[in-house]
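S.K.: Predicted model follows, preceded by the sequence.
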Amino acid sequence: MANIIFRRALVGDYPEIIALHRQNLFSNLSEQERQNGFLSIDFKDNSQLAAINEDVAVIVAVQENTVVGYVCATSQEYSQQIPLLKYMMSLYPETMFQRQPLSNYRSFSYGPVCVADAYRGTGILQGLFQALLAQIPTSYNAGVCFLAKDNPRSLRAHTQKLGMEILRDFEFKGKSYFLLGFPVPPLPHS
């Protein structure tokens, strides 16, 4: 992971983020390639990334001026416009997280996240996660994400490497997903 810089995305990063995203989109991968992880939802364009970055954050991992990974985070308000996320949020009142309904938390949606194939397993996912948590406003106390059930590599990475907890499973438009949650630690006082 030498010379990897983690930072908030800049406008010039958006085309590279979209290119990396589309290389790893479920619909663009063979059955064999999907075993290495995939993304479920596409981005519309650069303006959507700009809106996400303005809403909560888009964090990139950059090596030698090339984006080798990214993670997005959105507020519940922003996430309402994405049908899968809107449905997932409708499950919060009946989804328990740390002994209380998920709806009791001020949560944000984590994802999508993607690390370029050649960089997987090198700690970039953890670096992106830590850089994202450092950017999350203190008003949030939980993060939530979904993963396709048929994406075991991503599930292992998020539960084993990042410590996310599987809260439940759900179906949306004929596909099966896991809903995961994680606490957002309060920032240390300087």
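M.R.: Thanks, I have the structure now.

S.K.: so for stretch 109-123, what's the average pLDDT?
M.R.: The average pLDDT within stretch 109-123 is 91.

S.K.: worst-scoring helix or strand of this protein, pLDDT-wise?
M.R.: None of the helices or strands of the chain scores lower by mean pLDDT, DSSP states H and E than helix 31-34, at a mean of 74.

S.K.: Tell me the buried residues in whichever helix or strand comes after that one?
M.R.: Moving toward the C-terminus from helix 31-34, the next helix or strand (DSSP states H and E) is helix 46-55. Within helix 46-55, the residues that count as buried by 16 or more other Cβ atoms under 10 Å are 48-49, 52-53, 55. Heads up, the C-betas are built off the backbone N, CA and C, glycines and all.

S.K.: Surely Ser154 and Phe146 touch.
M.R.: No. With contact defined as Cβ atoms under 8 Å, Ser154 does not reach Phe146; the gap is 10.4 Å.

S.K.: C-alpha coordinates for stretch 151-159, PDB please?
M.R.: The C-alpha trace of stretch 151-159 is given here as PDB (Å, rounded to 0.1, in the frame of the first residue of the first chain):
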ATOM      1  CA  ASN A 151     -21.400 -11.700  -3.300                       C
ATOM      2  CA  PRO A 152     -19.500 -13.700  -0.600                       C
ATOM      3  CA  ARG A 153     -16.200 -12.000  -1.100                       C
ATOM      4  CA  SER A 154     -17.600  -8.500  -0.300                       C
ATOM      5  CA  LEU A 155     -19.600  -9.900   2.600                       C
ATOM      6  CA  ARG A 156     -16.400 -11.400   4.100                       C
ATOM      7  CA  ALA A 157     -14.500  -8.200   3.600                       C
ATOM      8  CA  HIS A 158     -17.100  -6.100   5.300                       C
ATOM      9  CA  THR A 159     -17.800  -8.400   8.200                       C
END
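
S.K.: in that stretch, what counts as buried?
M.R.: For stretch 151-159, the neighbour count (16+ other Cβ under 10 Å) marks 151, 154-155, 157-159 as buried.

S.K.: now the residues you listed as a markdown table including distance to Phe170, secondary structure and pLDDT?
M.R.: As requested, these are arranged in a markdown table below (distance: Cβ to Cβ, whole Å; DSSP: H, G, I helix; E, B strand; the rest coil; pLDDT from 0 to 100):
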| residue | distance to Phe170 | secondary structure | pLDDT |
| --- | --- | --- | --- |
| Asn151 | 15 | coil | 86 |
| Ser154 | 16 | helix | 88 |
| Leu155 | 14 | helix | 92 |
| Ala157 | 20 | helix | 91 |
| His158 | 16 | helix | 93 |
| Thr159 | 17 | helix | 95 |
